[in-house]
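1. turn this into a model:
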Amino acid sequence: MIQARSHASVRHAAGRLGVVVTGFALLAAAPAPADAATLYWSGNASTQGGAGTWNTTDARFGSASSGPFTTVWNNTTNAADTVLFGGATSNATLGTNVTVRQLTFNNASTVTAGGFSVTTGLATNLTAAAGGSSRATGGTITAPIVGTN
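-> This is a model prediction of the structure:
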């Protein structure tokens, strides 16, 4: 199921704590900048997917689905990037506020607030997109979504 939300409803939803986006929510977004990357989540820094804390101190991301997962998230340099949740079902608990352009779910992964929020990168809209061959799978965001649109 794909749920499209208007800018007005997204602004309203983003203002509430504990926003839950289930399935696939597609928010109109500007094209990715030329230097944007897709980074693959690894909860344990050794295999794609799994549970872990998304923060700005631990290496949890890689530029390939097979790793290595040696990239530490940086809210400035990674603000235009896409995070792809694939492999084992993930539960990424926010350990700090994060700024990201797009979240792509190839499975039923979850991004959990942990007391923090997801901010749209580069003053664009956050896009939570379905990936993979089965559009029936999707992720859940149970964190506040903050943006300027």
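
2. leaving out chain neighbours, which residue sits closest to residue 68?
-> Nearest-residue entry for residue 68: residue 62, 5.7 Å, with adjacent residues in sequence omitted and distances by Cβ to Cβ, 6 or more residues apart in numbering. In short, each C-beta sits where N, CA and C put it, glycine included.

3. if I read this right, residue 144 contacts residue 119, doesn't it?
-> No: contact criterion Cβ atoms under 8 Å: residue 144 and residue 119 do not qualify, at 9.2 Å.

4. partners of residue 88 in the sheet?
-> Listed by DSSP bridges, the beta-bridge partners for residue 88 are residue 49.

5. tell me how many other residues surround it.
-> 15 (other Cβ atoms under 10 Å).

6. how near is it to residue 120?
-> Using Cβ to Cβ, to the nearest Å, one gets 27 Å for the distance from residue 88 to residue 120.

7. what of residue 52?
-> To residue 120, residue 52 is 23 Å away according to Cβ to Cβ.

8. out of the two, which sits in the busier spot?
-> residue 120 (23 against 19).

9. how close does the more buried one sit to residue 84?
-> Between residue 120 and residue 84 the distance is 17 Å, computed by Cβ to Cβ.

10. ok, residue 73 touching residue 95?
-> No: the criterion here is Cβ under 8 Å, and residue 73 misses it with residue 95 at 9.7 Å.

11. which neighbours do these two have in common?
-> Counting by Cβ atoms under 8 Å, 6 or more residues apart in numbering, the contacts common to residue 73 and residue 95 are 54, 55.

12. quick one, which of these two is more surrounded?
-> It is residue 73, of residue 73 and residue 95, that has more neighbours when counted by other Cβ under 10 Å, with 23 against 18.

13. could I get the phi/psi values of the residue nearest to that one when sequence neighbours are not counted?
-> Leaving aside its sequence neighbours, residue 73 sits nearest to residue 56 (Cβ to Cβ, 6+ apart; 5.4 Å). Dihedral angles of residue 56 (phi, psi; degrees, to the nearest 10) stand at phi -110, psi 20.

14. was I right about residue 56 contacting residue 71?
-> No: Residue 56 lies out of contact with residue 71 (Cβ under 8 Å); the separation is 11.1 Å.
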